[in-house]
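In: Pasting a predicted model and its sequence here:
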Amino acid sequence: MAGDSGDGHPYSATVGAMYIFNLIVGAGALALPYAFAHAGVIAGSVLLVVLAFFSFVAVTFTVEAMAVANALLRRFPSGRDQPLASDLTVNFASGSTDTEATALLCEFE
């Protein structure tokens, strides 16, 4: 078999470590020096900051959507009635501070 290390495993521990490193770091981080060399320091830095901001916004939206979905699942566990549009006010508790957030997810019929 291609890639057989001789002990019955398809890949060696070194190849497995390289796969995990590439999974964690990603190909984008490994290509940054090449991109900076071709784009220049100023353009590369500006693009890096803009893309980091977009990444931050995307992660923030994802985490908020997960928090609202989790709150709705805790408030309306399976087997109970579906929430009404007026029931979509969710109380988020974070340590000692309570904030009230209204989640306009969708209308339940």
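Out: Right, received. Where do you want to start? Residues are numbered from 1 along each chain as shown.
In: alpha carbons only for contacts and neighbour counts from here, please
Out: Fine.
In: count of neighbours near residue 20?
Out: 12 (other CA atoms under 10 Å).
In: Would you mind giving me the confidence score for it?
Out: What the model reports as pLDDT for residue 20 is 88.
In: Where does it sit, in terms of helix or strand?
Out: Following DSSP states H and E, the helix or strand that holds residue 20 is helix 13-30.
In: repeat for residue 47
Out: helix 41-75.
In: Show me what that helix is packed against.
Out: If you count contacts as 3 or more CA pairs under 8 Å, 6 or more residues apart in numbering; DSSP states H and E, helix 41-75 packs onto strand 89-94.
In: average pLDDT for the helix holding residue 47?
Out: Regarding helix 41-75, the rounded mean pLDDT is 91.
In: follow-up on the earlier one: going on from the helix holding residue 20, what's the next piece of helix or strand?
Out: Downstream of helix 13-30, the next assigned helix or strand under DSSP H and E is helix 32-39.
In: Just the CA trace of that following helix, in CSV.
Out: Extracted C-alpha coordinates of helix 32-39, given in CSV (Å, rounded to 0.1, in the frame of the first residue of the first chain):
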residue,chain,number,x,y,z
LEU,A,32,2.0,34.7,4.4
PRO,A,33,5.7,35.4,3.8
TYR,A,34,5.2,34.7,0.0
ALA,A,35,2.2,36.9,-0.2
PHE,A,36,3.9,39.7,1.7
ALA,A,37,6.9,39.4,-0.6
HIS,A,38,4.7,39.9,-3.7
ALA,A,39,2.2,42.5,-2.4
